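*Asks:* A predicted structure for the sequence below; I have some questions about it.
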Amino acid sequence: MPSVCNRFQWAVLAGCLLLGAPSSEAQPPVRQVLLLQSFARGNAAVDQFTTNFRVELDQRGEGRVNVVQVVVGPTGFVNAPEQAVIDYIRSTFVNRPKPDLIVTIAGPAAVFARKNRQQLFPETPILFASVDQKYLADEPLGDNETAVAVVNDFPRVIENVLQLLPQTRQIFVVVGSGQIGQFWRRELENEFRRFHDQLRFDWFDQLSVQETLRRSASLPANSAIVYVIFSTDRAGVAFADERMFAELHATANAPLFAPISVYLGAGAVGGSLLSIPDLSRDAADVAGRLLNGAAPSSIRLPSRAAGQPTFDWRELQRWGIPESRLPPGSIVRYRAPSLWQEYRGTVLTAVGVLAVQALLIVGLLYQRRARRKAEMESRRNLALAADASRRQTMSALTSSIAHELGQPLSSMMYNAQALQMMITADRVTPDTLGEIASDIQSQGVQAMQIIDRHRKMLRSRQLDKKAIDLHAVISESIALVGHDMRARQIEVAVSLSSNPCVISGDQVLLQQVFVNLLMNAMDAIADTPQARRRVTISADVSAADVAVSVRDTGTGLPKHIDGTFFTPFVTTKANGIGIGLTIARTIVDAHGGTIDAHNNPEGGATFRVTLRRSDTLEIQPGQEGAA
């Protein structure tokens, strides 16, 4: 039994171990990549390349990759012996598998890897990424090596400067200090030699950060700055490129140019730039193929050159560079969005509001035009109706006209007969002749005034406001109906101020109003006993207006037409047509006044016309009226 139990226990334990053992298919081996970096963090181009490369490599989905990153350039192990760096790298792989791939970034790391290949991992494939093609021309690739090389065309940067700013006479080149700065100055001085006839080159090297910024703030006119690298200043202190470039952009009084895309959008004007994203993507593609077993000698890519000219619209505006100077096919980024692009909703709303307002304005203008047309038609109708009312009134006053004219004409005839008899009897003396002639002249003037007064009343006219004396208009209106009043044995009482009461109005139309009111008052007392036949006209003058009242002693206004006195065709007369008071109200309204009527407590009715005063106006000669 014990032996059986032991065998059973061992079987269970073995099964557990088998179930718990990891599957080689579920967890593939992790591949090791040794990434040799030329610069510590702070080099903008290398930092962006490294970040993009690792992201691109992870996104390939080619299995798990472990990246061991070591800085082997001059800013890595500062002043450390090269052998110490080699020993450090080897020590990192003591407890892990040897690297499946070595990737170098930029030139210093490529030089280090080739020089120390045998001490590192001689059998491991090497990818030289972001290395200048001139280096590969001097040191051709071996069978276990491949590269993603670049063409560093710095003279093209100067050509871009001259195309955009043809007046440029001086170029300031930022290359930093130390070994890197010395290397770049030697390289670029040789490459820029062909521009020496038209440009002067000054080098921002062996300077501190403060000295570099101070000099960039006071550059001479027609200058430009080409930024290559900064790395360290004169004291050997490392300084991040992004920060240095940002401070230069804020301080410098000249435009900044750079050969790589990382500075576009950070203050560089632009040009034919080397694309770091494209370069890192190429490197990740090659690395993925190598990790999957491809032979390095089978992968040979052409060197990547600067891409399509690309410019920052904001910098073009800042330095007054017209887009007409850009190379054909250029791309302009960071352009300020148009009003339509940025505020499309607001613009559409505003356009809608304006359209509605425009429709409202058009509608209001149409209504205004229609209203003015109606007003003009109303005035024309007013003139026609007033003319008809005046003719009716004058027709009723025909006998009065004949009587008024008969008196002066008879006097003139009698005076003429007397003069003729005296001439026949030879009894004419100069005094007598002058007296008779004076009488005839006076009577002729009286006849002319009567004719002129009635002619004005009969004349068709439009509303013509002028400064007039309302008291004179009232007096003349009384004179027009004076004979009829005397014929009907009606007493008239007038209560007017001796001072002029000036208003702005039409003399003839206002006469028509008062004549109409006086004749209505005379008709209202036709059946009143003679002793009580009285019409009173008075004017109550205040500072702002004047109220003229026409009061009679008749039977008053009928109750059945109360409130409709001024409605067209409403009349209490057997032969009336009912437009007199309507015309009167229309004339008063046109003068900005009011007219109303009411019965008197003691009998009879009163019509009152209220008009605004205008004592500031001056009465022109001939407008005073005749009493």
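*Replies:* Looks like it came in fine. For clarity, every value in this text was computed on a predicted model and none was experimentally measured.
*Asks:* what's the next secondary structure element after the helix or strand encompassing Leu162?
*Replies:* Here Leu162 is covered by helix 154-164, with elements defined by DSSP states H and E. The helix or strand immediately downstream of helix 154-164 is strand 170-174, counting by DSSP H and E.
*Asks:* Check which helix or strand Gly554 maps to.
*Replies:* Going by DSSP H and E, Gly554 is not in any helix or strand.
*Asks:* ok, it touching Asn520?
*Replies:* No: using CB atoms under 8 Å as the test, Gly554 is too far from Asn520 to be in contact (9.5 Å). Where you see a C-beta, it was placed from the backbone N, CA and C, and this is true even at glycine.
*Asks:* What residues sit buried inside stretch 286-306?
*Replies:* Buried residues in stretch 286-306, counting neighbours by 16 or more other CB atoms under 10 Å, are found at 286-291, 296, 299, 303-304, 306.
*Asks:* neighbouring contacts of it?
*Replies:* Applying CB atoms under 8 Å, 6 or more residues apart in numbering, the external contacts of stretch 286-306 come out as 31, 33, 53, 57, 60, 62-63, 65, 100-101, 103, 125-127, 129, 133, 141, 143-151, 153, 156, 259, 271-275, 278-279, 282.
*Asks:* got the CA coordinates for it in PDB?
*Replies:* Output of stretch 286-306 as PDB, limited to C-alpha atoms (Å, rounded to 0.1, in the frame of the first residue of the first chain):
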ATOM      1  CA  VAL A 286      14.600  47.400 -41.300                       C
ATOM      2  CA  ALA A 287      15.000  46.500 -37.700                       C
ATOM      3  CA  GLY A 288      11.800  44.400 -37.800                       C
ATOM      4  CA  ARG A 289      13.000  42.500 -40.900                       C
ATOM      5  CA  LEU A 290      16.400  41.800 -39.200                       C
ATOM      6  CA  LEU A 291      14.700  40.500 -36.100                       C
ATOM      7  CA  ASN A 292      12.700  38.200 -38.200                       C
ATOM      8  CA  GLY A 293      15.800  36.600 -39.700                       C
ATOM      9  CA  ALA A 294      16.500  38.700 -42.800                       C
ATOM     10  CA  ALA A 295      20.200  38.900 -43.700                       C
ATOM     11  CA  PRO A 296      21.600  42.400 -43.300                       C
ATOM     12  CA  SER A 297      23.400  42.200 -46.700                       C
ATOM     13  CA  SER A 298      20.000  41.700 -48.400                       C
ATOM     14  CA  ILE A 299      18.700  45.000 -47.100                       C
ATOM     15  CA  ARG A 300      20.200  48.000 -48.900                       C
ATOM     16  CA  LEU A 301      18.100  51.200 -48.800                       C
ATOM     17  CA  PRO A 302      18.800  54.400 -50.700                       C
ATOM     18  CA  SER A 303      19.800  57.300 -48.500                       C
ATOM     19  CA  ARG A 304      17.000  59.500 -47.400                       C
ATOM     20  CA  ALA A 305      17.300  63.100 -48.500                       C
ATOM     21  CA  ALA A 306      15.400  66.300 -47.500                       C
END
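*Asks:* chain center to that stretch, what's the gap?
*Replies:* Relative to its chain's centre, stretch 286-306 lies at 57 Å (CA atoms, centre = their mean, to the nearest Å).
*Asks:* Show me what the mean pLDDT comes to for it.
*Replies:* Average pLDDT, stretch 286-306: 91.
*Asks:* which other residues reach stretch 488-505?
*Replies:* 465-472, 474-475, 478, 482, 485, 522, 525-526, 530, 533-539, 541, 546, 591, 611-615, 617, 619.
*Asks:* Next: stretch 99-118.
*Replies:* Contacts of stretch 99-118 (CB under 8 Å, 6+ apart): 31-39, 46, 49-50, 53, 68, 72-74, 82, 85-86, 93, 120-121, 124-132, 135, 139, 283, 287, 290-291.
*Asks:* are any of the contacts of stretch 488-505 buried, and which?
*Replies:* Among those, those classed as buried by 16+ other CB under 10 Å are 465, 467-472, 474-475, 478, 485, 522, 525, 533-539, 541, 546, 591, 611, 613.
*Asks:* So which of those belong to helices?
*Replies:* The helices, defined by DSSP state H, take in 470-472, 474-475, 478, 485, 522 from the buried ones among the contacts of stretch 488-505.
*Asks:* Of those, which is the nearest to Gln417?
*Replies:* Met485 (31.2 Å; CB to CB).
*Asks:* Give me the phi and psi for the closest residue to that closest one other than its chain neighbours.
*Replies:* Counting by CB to CB, 6 or more residues apart in numbering, Val492 is the residue found nearest to Met485 once chain neighbours are left out, at 5.6 Å. Backbone torsions for Val492, taken as degrees, to the nearest 10, come to phi -120, psi 130.
*Asks:* separation between the nearest residue to Gly580 once chain neighbours are set aside and Val481?
*Replies:* Excluding its sequence neighbours, the residue lying closest to Gly580 (CB to CB, 6+ apart) is Asn516, at 4.7 Å. In this structure, Asn516 and Val481 are 10 Å apart, going by CB to CB, to the nearest Å.
*Asks:* Per-residue pLDDT of Ile577, please?
*Replies:* pLDDT at Ile577 comes out at 52.
*Asks:* Check Gly363 too.
*Replies:* pLDDT for Gly363: 89.
*Asks:* burial count for it?
*Replies:* Residues lying near Gly363 (other CB atoms under 10 Å) number 10.
*Asks:* swap in Ala590?
*Replies:* Per other CB under 10 Å, the neighbour tally for Ala590 reads 17.
*Asks:* The closest residue to it other than its chain neighbours and Ser477, how far apart?
*Replies:* Sequence neighbours aside, Leu463 is the residue nearest to Ala590 in space, at 5.5 Å (criterion: CB to CB, 6+ apart). Leu463 is 18 Å from Ser477, where distance means CB to CB.
*Asks:* So the two - more neighbours on which side?
*Replies:* Taking other CB under 10 Å, Leu463 and Ser477 do not tie; Ser477 has more neighbours (26 against 15).
*Asks:* which stretch of helix or strand covers the closest residue to that one other than its chain neighbours?
*Replies:* Excluding the flanking residues, the one nearest Ser477 by CB to CB, 6+ apart is Phe514, at 3.8 Å. For Phe514, the element it lies in under DSSP H and E is helix 507-524.
*Asks:* for Ile436, same thing?
*Replies:* Going by DSSP H and E, Ile436 is in helix 430-458.
*Asks:* before we move on, what about His483?
*Replies:* Here His483 is assigned to helix 482-487, by DSSP H and E.
*Asks:* Could you do Ala149 as well?
*Replies:* Counting by DSSP H and E, Ala149 is found in strand 145-150.
*Asks:* cool, and Val609?
*Replies:* strand 605-612.
*Asks:* Show me what that strand is in contact with.
*Replies:* Here strand 605-612 makes contact (CB under 8 Å, 6+ apart) with 470, 503-505, 513-514, 517, 520-521, 524, 544-552, 554, 556-557, 588, 591-600.
*Asks:* go on, stretch 362-375?
*Replies:* So stretch 362-375 is contacted by nothing (CB under 8 Å, 6+ apart).
*Asks:* ok, which pair from the buried residues of stretch 286-306 is furthest apart?
*Replies:* Leu291 and Ala306 (29.3 Å).
*Asks:* Distance check, the residue nearest to Ala416 when sequence neighbours are not counted against Ala268.
*Replies:* Closest residue in space to Ala416, ignoring its immediate chain neighbours: Ile440 at 6.9 Å, by CB to CB, 6+ apart. Remark: distance between Ile440 and Ala268 (CB to CB) = 113 Å.
*Asks:* Tell me which of these two has more neighbours.
*Replies:* Ala268 (26 against 18).
*Asks:* burial of the spatially closest residue to that one that is not a sequence neighbour, as a residue count?
*Replies:* Spatial nearest neighbour of Ala268, excluding adjacent residues (CB to CB, 6+ apart): Ala258 at 4.5 Å. For Ala258, the tally of surrounding residues (other CB under 10 Å) stands at 27.
*Asks:* Next up, the contacts around Ala258.
*Replies:* Going by CB under 8 Å, 6+ apart, the list of residues near Ala258 reads 157, 226-228, 245, 264, 268, 273.
*Asks:* In JSON lines: those residues, plus secondary structure and pLDDT.
*Replies:* Conversion of the contacts of Ala258 to JSON lines gives the following (DSSP: H, G, I helix; E, B strand; the rest coil; pLDDT from 0 to 100):
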{"residue": "Val157", "secondary structure": "helix", "pLDDT": "94"}
{"residue": "Val226", "secondary structure": "strand", "pLDDT": "95"}
{"residue": "Tyr227", "secondary structure": "strand", "pLDDT": "94"}
{"residue": "Val228", "secondary structure": "coil", "pLDDT": "92"}
{"residue": "Phe245", "secondary structure": "helix", "pLDDT": "92"}
{"residue": "Leu264", "secondary structure": "strand", "pLDDT": "93"}
{"residue": "Ala268", "secondary structure": "strand", "pLDDT": "95"}
{"residue": "Leu273", "secondary structure": "coil", "pLDDT": "94"}
